[in-house]
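>>> model the following, please.
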Amino acid sequence: MNYWLLKTEPDVFSYQDLVRLGKDMWDGVRSFQAVKYLKQMEPGDQAFIYHTGKQRIIVGVAQVVSHPYPDPTADSKRWVVVDLVPKYQLNHAVSLKEIKADSRFSRWELVRLSRLSVMPVLPEYWEIVLNLATEKQ
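The predicted structure follows:
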């Protein structure tokens, strides 16, 4: 199983929208690097859902439930989507500010490449984020 981070504008599509729908496709990705990562996703992989914009927080966990397939909203076959289902919302969101302040994350794309909308999460980063979300209780 692999771990990912998916960014979204919460005013456009939030983690709560995914919860309400129960399942949806992650579409609209138009960065070649982000699409490269989408193409590596497999059913069973897990993803942090990150709200961009003013929030800049990791709010929940979703599971990939499909292999990548052509984005039906795109006019080119180079773009792909995956289907996601919500797993759980974090009890306490983890902010970008917290992540940037923690030197353990210094090599993560979330810190280094702030515009990238889809990125891998190393297993150790995954565990640290989950621990940060728990420690806030």
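>>> stretch 121-137: which residues count as buried?
121, 125-126, 128-129, 132-133 (16 or more other C-beta atoms under 10 Å). Where C-beta positions appear, they are placed from N, C-alpha and C, glycine not excepted.
>>> er, stretch 20-35 I mean
24, 26-27, 29, 34-35.
>>> turn those residues into a markdown table, columns for distance to residue 53.
Shown next, in a markdown table, are the buried residues of stretch 20-35 (distance: C-beta to C-beta, whole Å):
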| residue | distance to residue 53 |
| --- | --- |
| 24 | 19 |
| 26 | 17 |
| 27 | 19 |
| 29 | 17 |
| 34 | 17 |
| 35 | 22 |
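>>> restricted to strands, list these.
By the criterion of DSSP state E, membership of the buried residues of stretch 20-35 in strands covers 24, 26.
>>> and which of the buried residues of stretch 20-35 is nearest to residue 93?
For residue 93, the nearest member of these is residue 26. The distance, counting by C-beta to C-beta, is 19.5 Å.
>>> next one: the closest one from residue 64, what distance?
With distances taken as C-beta to C-beta, to the nearest Å, residue 26 is found 8 Å from residue 64.
>>> okay, and the common contacts of those two?
Counting by C-beta atoms under 8 Å, 6 or more residues apart in numbering, the shared contacts of residue 26 and residue 64 are 82-84.
>>> closest to residue 7 out of the residues you listed?
Sorting those by how near they are to residue 7, with C-beta to C-beta, puts residue 84 at the top with 13.3 Å.
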